[in-house]
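Peer 1: A predicted structure for the sequence below; I have some questions about it.
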Amino acid sequence: MPKIIGGSLHEHREQTRLRLFGALGTLMAERGFDAITLADIASAAGVGRTAVYNHFPDKEALLLGFITHETEQYAAGLQASIEGTDDPVEQLRTYVRQQASLRRVYHVAPGPDLRAVLSRGAQQRVREHVLVVERILRDVLAAGIASGAFPEQDLETTVPLVHACLTGRGIPEEDGPERDHALAQTEAFVLRAVGAPVTVAA
């Protein structure tokens, strides 16, 4: 009988899922989703291959579970950071910095774009998770417009444009002056784009 991880069956299931997500994230960063097998994931997670099927019927379902987990964790942290201030400009600065600073992003892993290897239904579900984060930006901009911090604008156009800018991945990975400068310039660019007052510190 497989060893139970944690103090209960529920905790065991959660810990196993987290192990699988961690293994998938690491392997995707190394070689891309298309080059990974469920056996690879099980081995990296330290669980039996049959244990994977107790949670996910196939690799695509595991990926969607991973994306859901990552998005929920990230969105909760992002929302908490934004709620730390009532100033819409500072909220937007926080949003931009956190989005631009993302180093672990499933959709830019090595290998083919996920859109090329996922079914249409899975692609739609991935898009739904992107919308969760976009909704936070939309709320920040809407509040800023309502308060007069930002000029009136079409958020249906602005939100995708801001996200396109922030997912261009032009920020250096290593900490240091170049990364700090790139973050400051990205922040200033987005603030100018939405009509916010800009003070560039770096």
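Peer 2: In hand now; what should we look at?
Peer 1: In this structure, spot the helix with the most residues.
Peer 2: helix 120-147 (DSSP state H).
Peer 1: what's it packed up against?
Peer 2: helix 59-82, helix 88-100, helix 114-117, helix 155-166 (3 or more C-beta pairs under 8 Å, 6 or more residues apart in numbering; DSSP states H and E). Placement of C-beta: from N, CA and C, glycine included.
Peer 1: how about the ones you listed, which one is nearest residue 47?
Peer 2: Residue 47 lies closest to helix 59-82 among the helices and strands packed on helix 120-147, at 12.1 Å (C-beta to C-beta).
Peer 1: Now do the closest one against helix 88-100, angle only.
Peer 2: Put simply, helix 59-82 runs at 150 degrees to helix 88-100, going by axes from the mean of the first three to the mean of the last three C-alpha atoms, to 10 degrees.
Peer 1: Against which helices or strands is helix 59-82 packed?
Peer 2: Helices and strands touching helix 59-82, by 3+ C-beta pairs under 8 Å, 6+ apart, are helix 9-31, helix 38-45, helix 88-100, helix 120-147.
Peer 1: Redo the ones you listed as CSV? Include mean pLDDT and distance to residue 186.
Peer 2: Listed next are the helices and strands packed on helix 59-82 as CSV, based on pLDDT from 0 to 100; distance: least, C-beta to C-beta, whole Å:
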stretch, mean pLDDT, distance to residue 186
helix 9-31, 87, 22
helix 38-45, 93, 33
helix 88-100, 91, 5
helix 120-147, 87, 14
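Peer 1: okay, those helices, which one's buried deepest?
Peer 2: helix 88-100 (a mean of 20; mean count of other C-beta atoms under 10 Å).
Peer 1: Show me the protein divided up by domain.
Peer 2: Structurally, the chain divides into domains by the TED database as follows: 8-57, 58-194.
Peer 1: Off-centre distance for the shortest one?
Peer 2: On the basis of C-alpha atoms, centre = their mean, to the nearest Å, the separation between the geometric centre of domain 8-57 and that of its chain is 19 Å.
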